[in-house]
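Q: all I have is the shape, not the residue letters:
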């Protein structure tokens, strides 16, 4: 009886050692392109993961820095979020992506070259090749002069527009950061350099549109200067 118990214990230990050895060997195995599984979007393929990573594939599973890879893909593919898990069974990388949804056309300048793409609700620029065409049908706003430092202002404009009575058609940042917008009926509106005023300025735009709608005043407007929102200046066409 004791011999049988010892035999069973040895078998159990051998199984544990075999399992540990198998797992260790799995982690040392190299991840190839066919070992990458992507979910969340049909727009991105395994090749996107390989081409937009600072890691060099094939690479051993145990050496893959998932945080680094997530940051690479998020930045290079204009993703809202990405999560990556190393898996042994089945072996490989599980990549789940959350694409950004464009709400405006976008244009930025990089090394004196115009780059065309889109902008999402967070004010993030989306490269044209990383945007799903199904989400581009109803875009009515254009953003010119996009820069990383303007993303928070853009986000505030997009969020505020949902709550106010106006329809922006164009948002333009000059090279020195001066902000100008175009509204469907109010036409050109100068907002200036101060991002802290943007919410107040947008509120005034909404109030002006409601007021002018009552008086049918839209056709007389040339432009509106709200750089000092406490003293709006309205330029009208002279006959």
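A: Structure received. Here the structure is a predicted model, which is why all the values come from computation and not from measurement. Numbering: from 1, shown residues only.
Q: quick one, helices of this protein?
A: Assigned helices in the chain, in chain order: 2-28, 46-51, 66-76, 151-161, 198-215 (criterion: DSSP state H).
Q: lowest mean pLDDT across the ones you listed, which one is that?
A: Ranked by mean pLDDT, the helices of the chain bottom out at helix 2-28, which scores a mean of 49.
Q: now residue 203, nearest residue through space, not along the chain?
A: Closest residue to residue 203 apart from its sequence neighbours, by CB to CB, 6 or more residues apart in numbering: residue 164 at 6.8 Å. Where you see a C-beta, it was placed from the backbone N, CA and C, and this is true even at glycine.
Q: for residue 107, see how far away that neighbour is.
A: Separation of residue 164 from residue 107 (CB to CB, to the nearest Å): 25 Å.
Q: walk me through the domains of this protein.
A: 29-99, 102-236 (automatic domain parsing).
Q: now those as JSON lines including mean neighbour count?
A: Shown next, in JSON lines, are these (neighbours: other CB atoms under 10 Å):
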{"stretch": "domain 29-99", "mean neighbour count": "15"}
{"stretch": "domain 102-236", "mean neighbour count": "16"}
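Q: I'd say residue 61 and residue 55 touch.
A: No: checked against CB atoms under 8 Å, the pair residue 61 and residue 55 is beyond contact range at 11.6 Å.
Q: list the contacts for residue 77?
A: 44, 48, 52, 97, 130 (CB atoms under 8 Å, 6 or more residues apart in numbering).
Q: just the ones in strands from those residues, please.
A: residue 97 (DSSP state E).
Q: which of the contacts of residue 77 sit farthest apart?
A: 52 and 97 (11.2 Å; CB to CB).
Q: what sits in contact with each of the two?
A: 73, 77.
Q: over to stretch 35-55 now: how far is its first residue from its last?
A: 15 Å (CA to CA, to the nearest Å).
Q: please report how far the residue nearest to residue 203 lies from residue 208.
A: 11 Å.
Q: also residue 36?
A: Counting by CB to CB - residue 36 and residue 208 are separated by 53 Å.
Q: cool, residue 144 as well?
A: Distance, residue 144 to residue 208, by CB to CB: 23 Å.
Q: repeat for residue 74
A: 40 Å.
Q: one more: residue 125?
A: Relative to residue 208, and taking CB to CB, residue 125 is found at 30 Å.
Q: ok, the closest residue in space to residue 204 that isn't next to it in sequence - contacts?
A: Spatial nearest neighbour of residue 204, chain neighbours left out: residue 229 (5.3 Å); criterion: CB to CB, 6+ apart. By CB under 8 Å, 6+ apart, the contact list for residue 229 reads 197, 200-201, 204.
Q: and for residue 128?
A: Residues in contact with residue 128 (CB under 8 Å, 6+ apart) are 116-118.
Q: 7 Å - rerun?
A: 116-117 (CB atoms under 7 Å, 6 or more residues apart in numbering).
Q: one more: residue 83?
A: Residues 70, 96 are the ones in contact with residue 83 under the rule CB under 7 Å, 6+ apart.
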